[in-house]
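Participant: Need coordinates for the following:
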Amino acid sequence: MPNSTTVKEFLLMEFSDVWELRVLHTIFFSFMYLVTTKGNILIATITTLDSSLHTPMYFFLRNLSILDACYISVTVPNSCVNSLLDSNTISKAGCVAQVFLVVFLFYVELLFLTIMARDRFVAVCQPLHYPVIMNSQICICMTLASLFSGLVYAGVHTGNTFRLPFCQSNVIHQFFCDIPSLLKLSCSNTFSNEITIVVSGLVIGGGCFVFIIGSYIHIFSTVFRLPSGADRTKAFSTCVPHILVVLVFLSSGFYVYLRPSAISATTQDMILSVFYSIIPPLFNPIIYSLRNEQIKIAIKKTIKRLSYQ
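Facilitator: Predicted coordinates for the structure are as follows:
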């Protein structure tokens, strides 16, 4: 077993030892990565270039799109390269960076989804107060607060994890570095780390989930009072998929991060990690934008403008 003072790199888990299956994994992940990054970059570009989309809703959508493009870029490209080259090593510094970025982006993603639920709640339930409650200054302050608190949150958890000595093994049973897998490698007591993760996860994740569900309950109650028609259908077609993505995002993340490290379920963890690291960035552009008529019109206008230049 590697000594805790000599562990300078870790070994990441492969999806399969069979070359053909590794190629299939690379093709599948690469396809999802390209679709996700192109979709999110397109939305970020359109909402920046089109002045009619310079509203609080699209301001947060642009932020979410940029965040999602970064989020999926932290794990998927490295996994694809490792599968093709049959090289599953990652340096300790690279592992630290990956853990920090995954936790930071996961945390900020959750806060952005919560803020966007709040934005929709105010727009539907308090439309007359919307310009005051969601003015540009408040939007910028909420974004900066999310990013700054995310840096602190990720820094605390990353520091707590890598202060531990790793002497059980250097094999991480995951396709990227994550805290639960690293805690299993430590030869010291990880009880305080696990308690910190559980408490912070339940307070922040649970609080955001309750806030999102509460916001949509109020939205649905308001929509039900509207006469049946296009407005009601539009509200449901946007809200229901958003709730489903939040449920998948939080339930998979909670299961992997809040479960005791003594419980081993390697393959299950790898599959579930896909649901909180790849699925939300992939589906968010579809839910929030590609089903949105204003975004579609803005895309057509931008394409026409560029074609005439």
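Participant: ok, which stretches of the stretch 51-200 of the chain are helices?
Facilitator: In the stretch 51-200 of the chain, the segments counted as helices under DSSP state H, counting those that start in this stretch are 56-85, 92-125, 130-133, 136-162, 179-183, 191-200.
Participant: Count the neighbours of Ser273 for me.
Facilitator: Ser273 has 23 neighbours, counted by other CB atoms under 10 Å. From N, CA and C alone the C-beta is placed, and that goes for glycine too.
Participant: Kindly apply the preceding question to Ala97 instead.
Facilitator: 15.
Participant: distance of it from Val74?
Facilitator: 9 Å (CB to CB, to the nearest Å).
Participant: Please apply the same query to Ile279.
Facilitator: 15 Å.
Participant: cool, and Gly205?
Facilitator: For Gly205 relative to Val74 (CB to CB), the value is 19 Å.
Participant: now the nearest residue to Leu84 once chain neighbours are set aside: how far from Glu20?
Facilitator: Nearest residue to Leu84, sequence neighbours excluded (CB to CB, 6 or more residues apart in numbering): Thr26, at 5.4 Å. With distances taken as CB to CB, Thr26 is found 11 Å from Glu20.
Participant: Compare these two (neighbour count), which wins?
Facilitator: Thr26 (17 against 8).
Participant: host element of that one?
Facilitator: helix 19-49 (DSSP states H and E).
Participant: Among the helices of the stretch 51-200 of the chain, which comes closest to Thr222?
Facilitator: Taking CB to CB, helix 92-125 is the member of the helices of the stretch 51-200 of the chain nearest to Thr222, at 5.1 Å.
Participant: Any buried residues in that closest one, and which?
Facilitator: 95-96, 98-124 (16 or more other CB atoms under 10 Å).
Participant: Quick one: low-confidence residue ranges for the stretch 201-309 of the chain.
Facilitator: 228-235, 237-238, 260-266, 289-291, 308-309 (pLDDT under 70).
Participant: which residues in it form helices?
Facilitator: 206-224, 230-258, 266-277, 279-285, 293-307.
Participant: Adding distance to Leu42, write those helices out as CSV.
Facilitator: Below are the helices of the stretch 201-309 of the chain laid out as CSV (distance: least, CB to CB, whole Å):
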stretch, distance to Leu42
helix 206-224, 26
helix 230-258, 19
helix 266-277, 21
helix 279-285, 8
helix 293-307, 7
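Participant: taking the ones you listed together, which one is wrapped up most tightly?
Facilitator: helix 279-285 (a mean of 23; mean count of other CB atoms under 10 Å).
Participant: For that helix, name the packing helices and strands.
Facilitator: helix 19-49, helix 56-85, helix 230-258 (3 or more CB pairs under 8 Å, 6 or more residues apart in numbering; DSSP states H and E).
Participant: how about stretch 12-21: buried residues?
Facilitator: Leu12, Met13, Glu14, Phe15.
Participant: still on that earlier bit, hang on, isn't the residue nearest to Leu84 packed against Ser83?
Facilitator: Yes: using CB atoms under 8 Å, Thr26 is in contact with Ser83, at 4.7 Å.
Participant: picking that back up, I'd like the distance between the residue nearest to Leu84 and Phe283.
Facilitator: Following CB to CB, the distance that separates Thr26 from Phe283 is 22 Å.
Participant: got it, and Ser252?
Facilitator: 13 Å.
Participant: Same check on Met13?
Facilitator: 25 Å.
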